[in-house]
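*Asks:* Build the 3D model from these lines:
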Amino acid sequence: MPNIGPLEIIVVLIIALVVLGPRRLPEFGRSVGKGMREFKGALTGREGENRSEERLEDRSEERVEERSEERVEERSEERVAEGRDGAPATPALSGSQEPHR
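*Replies:* Numbering: from 1, shown residues only. Predicted structure coming up:
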């Protein structure tokens, strides 16, 4: 059986990045790691430890999602303040003012 060297690992990681994309690759890595831990726990009979690890991971993932949602909201608020939300940056004319011709 041939040995897997660093070059082969790099090639596999590049292919995974191209296929999955930069957004889904960390998610895929987490799920693979979680599956490997569950498999190892099933073989050794350590289910209680895995459950506590899963809870910690779930909490950290929720925090990351909350932070990313907050960042999106902040960016959209900044865009609105800067006038880049698709609306015209000039104030609307009131009824008494007429546009320049």
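*Asks:* so where's the chain uncertain?
*Replies:* Per-residue confidence for the chain (pLDDT under 70) gives these ranges: 1, 46-56, 83-101.
*Asks:* what ranges do the helices span in it?
*Replies:* 6-44, 47-82 (DSSP state H).
*Asks:* can you list those helices in CSV and add mean neighbour count?
*Replies:* Every residue, glycine included, has its C-beta placed from N, CA and C. CSV is the format used below for the helices of the chain (neighbours: other CB atoms under 10 Å):
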stretch, mean neighbour count
helix 6-44, 11
helix 47-82, 11
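*Asks:* how about Pro6, what does it touch?
*Replies:* Contacts for Pro6 were tallied using CB atoms under 8 Å, 6 or more residues apart in numbering; there are none.
*Asks:* next one: Phe39
*Replies:* Phe39 touches nothing, counting by CB under 8 Å, 6+ apart.
*Asks:* With Val12 instead?
*Replies:* So Val12 contacts nothing (CB under 8 Å, 6+ apart).
*Asks:* how much space between it and Val32?
*Replies:* Distance of Val12 to Val32, computed by CB to CB, to the nearest Å: 12 Å.
*Asks:* shared neighbours of the two, which are they?
*Replies:* By CB under 8 Å, 6+ apart, no residue touches both Val12 and Val32.
*Asks:* Need phi/psi at Asn3.
*Replies:* phi -80, psi 150 (degrees, to the nearest 10).
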